[in-house]
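Novice: Here you go, sequence then predicted model.
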Amino acid sequence: MKFHMPVKVYCERDCVKTYSDEWTSLGHKALIVTGRSSAKNGALADVTDSLNAHQISYCIFDHTEENPSIEMVMQVRDMGIRENVDFVIGIGGGSPMDAAKAIALMIYHKDKDADYLYQQGDSTALPIVEVPTTCGTGSEVTPISVLTIHAKRTKSSIPHRIFPQYALVDGKYLASAPKKILVNTSVDSLGHLIESYINLGASPFSRMISEYGMALWKDVKPALLSDHVTDEDRDRMMLTSTLAGMAITHAGTTLPHGLSYFLTYEMHIPHGQAVGYFQPGYVAAAAPETQAKVLELIGCKDIAEFANLIHTLLGPLEIAPDMVDTAIKGIMANERKLKPVPYEVTEETLRKFFEMAM
Ligand code: NAP
Ligand code: FE
C-alpha cells in the first residue's frame, strides 16, 4: 500500500503572501499561466506583489482557454523558452493549473515536439506553484493534466505524472466566482470523492480522505442550494476540493469522468456539470452497503434524493439519443476508466446513468 503526496500545501487565508519567502525561491524567473479575467480578483496581484517583493522577475500568459488544448500548451511553451523562465505558476481553475503542468514539462524537454505529451518517458518538469480560484479540480495537489486533443475530438489526461511543488489554497479567491461556477466545481469535487471511493484502487488512506471529504461536502450543500454563501462556506469548499484532489491522486476517476469528456467536447458542457450528471447512476450501481455509506456521508436518505439534489443543482441533461449511443460506445472501449469500477459494466448499466440524469 502506498501513499505519496509530495506537494507542500498551505491552505489558509492570505497564504500566497504569508509563505512567499518559500515559494518564490523556486527560481529566478516565473511564467505565470492564467485565464482571461478570473485571477484579476486579487490572486494575480497577490502573486505578482510577492514576486516583486522578492525581486523575482516574471512574464504572464493570461489567455488560457477552458479545457486547454495541446496547441495552446505548445504556444505557451515557446513563450516560456523565449523568456528563459525556470519555474511556472498556474493561477485559476483546473484549466490554467493543468496547462501549467504540461507547459512546465515541455519547457524542461525543449527538444521534444507535441507528441511527447502523450508518450511515456521522463516526466521531469520545471518546478510548479498552483493557486486555485475554483473549488473543483484539486489540480493543485494532483499529478494530472487533462488536455483537449482536437484530432481525436476528446480530452484525455497526459501519461506524465507531474506534481506541483506548492499548492497555495485560499478560499478568498472564490469570492468573485458566480454561483454557477461554485456549484459546477463543487459538484466536480463531489465526483472526485465518489469515484475515488467506489474504486478498486481505493486504499484505507484514500478512503479516509474520500470519507472526510464527503462529510465536508455535506456541510457545503446548504450554501450551494441557497443564495447566501459565507466566507466560511468558501473556505470549506476549497478544502473539500483539495482533499478530493488528494483522493483522485491515489485512486483516480472512473466512468462519470470518462463520459463527461464526450459531453464537454461535443456539447460544450462545463466539466463539473458534465461529471455531476452521472454521479447518481454511478452510486446506484454500487453494492448496497457502499451505496448506503456514500449516501449517509453526503446526507441523502436514498438514491432518489441524491438524483433530485443533482437535478436541482444542475438541471436535467438534454441529449439526443444518438449522442447517448456514441458516448456509451466510447466509454465501453475506454479500458482505463472501466478497470477501476468494482462492478460489472454493460451498455445497460450506462444507459441507466443517462436515464437518471435526464
Ligand atoms: P476552468 O475551465 O479552469 O474555468 C472555468 C471558468 O471559470 C473560466 O471562465 C474561468 O475564467 C472562470 N473562473 C475561474 N475562477 C474564477 C473565479 N474565482 N471567479 C470568477 N470566474 C472564475 O474550470 P474548472 O472547472 O476549475 O476546471 C476544469 C478543467 O480542469 C477541465 O479541463 C478538466 O478536465 C480539468 N480537471 C483536472 C483535474 C486534475 O486532476 N488535474 C481534475 C478534474 C478536472 P478565466 O477564463 O478568466 O480563468
Ligand atoms: Fe474532475
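Specialist: Cool, got the structure. Ligands and ions are numbered 1, 2, ... in the order given.
Novice: going forward, measure contacts and count neighbours with C-alpha atoms only.
Specialist: Noted.
Novice: How about the residues of the stretch 151-300 of the chain by ligand 1?
Specialist: Residues of the stretch 151-300 of the chain found near ligand 1 (C-alpha under 6 Å from any ligand atom) are 173, 174, 176, 177, 185, 271, 272.
Novice: which strands and helices sit next to the helix or strand where residue 218 lies?
Specialist: Following DSSP states H and E, the helix or strand that holds residue 218 is helix 204-225. Using 3 or more C-alpha pairs under 8 Å, 6 or more residues apart in numbering; DSSP states H and E, the elements in contact with helix 204-225 are helix 179-197, helix 231-251, helix 288-298.
Novice: just to revisit the earlier point, now neighbour count too, for the residues of the stretch 151-300 of the chain next to ligand 1, in a markdown table please.
Specialist: Output for those, formatted as a markdown table (neighbours: other C-alpha atoms under 10 Å):
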| residue | neighbour count |
| --- | --- |
| 173 | 25 |
| 174 | 24 |
| 176 | 16 |
| 177 | 15 |
| 185 | 28 |
| 271 | 23 |
| 272 | 25 |
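Novice: And these, which is closest to ligand 1?
Specialist: Taking C-alpha to the nearest ligand atom as the measure, ligand 1 sits nearest to residue 177 out of those, at 3.3 Å.
Novice: contacting residues around the closest one?
Specialist: Residue 177 sits next to residue 134 when contact means C-alpha atoms under 8 Å, 6 or more residues apart in numbering.
Novice: Correct me if wrong, but it is in a helix.
Specialist: No: going by DSSP: H, G, I helix; E, B strand; the rest coil, the assignment for residue 177 is coil, not a helix.
Novice: hmm, back to that, need the residues of the stretch 151-300 of the chain next to ligand 1 in a markdown table (columns: pLDDT).
Specialist: Listed next are these as a markdown table, based on pLDDT from 0 to 100:
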| residue | pLDDT |
| --- | --- |
| 173 | 98 |
| 174 | 97 |
| 176 | 95 |
| 177 | 96 |
| 185 | 98 |
| 271 | 95 |
| 272 | 97 |
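Novice: Between those, which sits nearest residue 320?
Specialist: Relative to residue 320, the closest of these is residue 271; by C-alpha to C-alpha it sits at 19.1 Å.
Novice: Isn't the closest one up against residue 188?
Specialist: Yes: the pair residue 271 / residue 188 is scored as a contact, 7.3 Å apart, by C-alpha atoms under 8 Å.
Novice: Can you give me the buried ones in the helix holding residue 218?
Specialist: 206-207, 209-218, 220-221, 223-224 (16 or more other C-alpha atoms under 10 Å).
Novice: Indicate which one of the helices and strands packed on helix 204-225 is closest to residue 167.
Specialist: Closest among these, using C-alpha to C-alpha: helix 231-251, at 9.0 Å.
Novice: got the CA coordinates for that closest one in PDB?
Specialist: Taking Å, rounded to 0.1, in the frame of the first residue of the first chain, the C-alpha atoms of helix 231-251 are listed here in PDB:
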ATOM      1  CA  ASP A 231     -16.500  33.200   3.800                       C
ATOM      2  CA  GLU A 232     -16.600  30.000   6.000                       C
ATOM      3  CA  ASP A 233     -18.500  28.200   3.200                       C
ATOM      4  CA  ARG A 234     -15.900  29.300   0.700                       C
ATOM      5  CA  ASP A 235     -13.000  28.100   2.900                       C
ATOM      6  CA  ARG A 236     -14.800  24.700   3.300                       C
ATOM      7  CA  MET A 237     -15.500  24.400  -0.500                       C
ATOM      8  CA  MET A 238     -11.800  25.000  -1.200                       C
ATOM      9  CA  LEU A 239     -10.600  22.500   1.500                       C
ATOM     10  CA  THR A 240     -13.100  19.900   0.100                       C
ATOM     11  CA  SER A 241     -11.800  20.300  -3.400                       C
ATOM     12  CA  THR A 242      -8.100  20.000  -2.300                       C
ATOM     13  CA  LEU A 243      -8.900  16.800  -0.300                       C
ATOM     14  CA  ALA A 244     -10.800  15.400  -3.300                       C
ATOM     15  CA  GLY A 245      -7.700  16.100  -5.400                       C
ATOM     16  CA  MET A 246      -5.600  14.000  -2.900                       C
ATOM     17  CA  ALA A 247      -8.200  11.200  -3.200                       C
ATOM     18  CA  ILE A 248      -8.100  11.000  -7.000                       C
ATOM     19  CA  THR A 249      -4.300  11.200  -6.900                       C
ATOM     20  CA  HIS A 250      -4.400   7.800  -5.200                       C
ATOM     21  CA  ALA A 251      -7.400   6.100  -6.700                       C
END
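Novice: Show me which positions of it end up buried.
Specialist: Neighbour count says helix 231-251 has 233-251 buried, by 16+ other C-alpha under 10 Å.
Novice: what angle do that helix and helix 179-197 make?
Specialist: Orientation check (axes from the mean of the first three to the mean of the last three C-alpha atoms, to 10 degrees): helix 231-251 against helix 179-197 gives 30 degrees.
Novice: Downstream of the helix or strand of the chain with the lowest mean pLDDT, the next helix or strand is which one?
Specialist: Sorting the helices and strands of the chain by mean pLDDT, DSSP states H and E puts strand 154-157 at the bottom, at a mean of 90. Once strand 154-157 ends, the next helix or strand along the chain (criterion: DSSP H and E) is strand 166-169.
Novice: No more questions from me, cheers.
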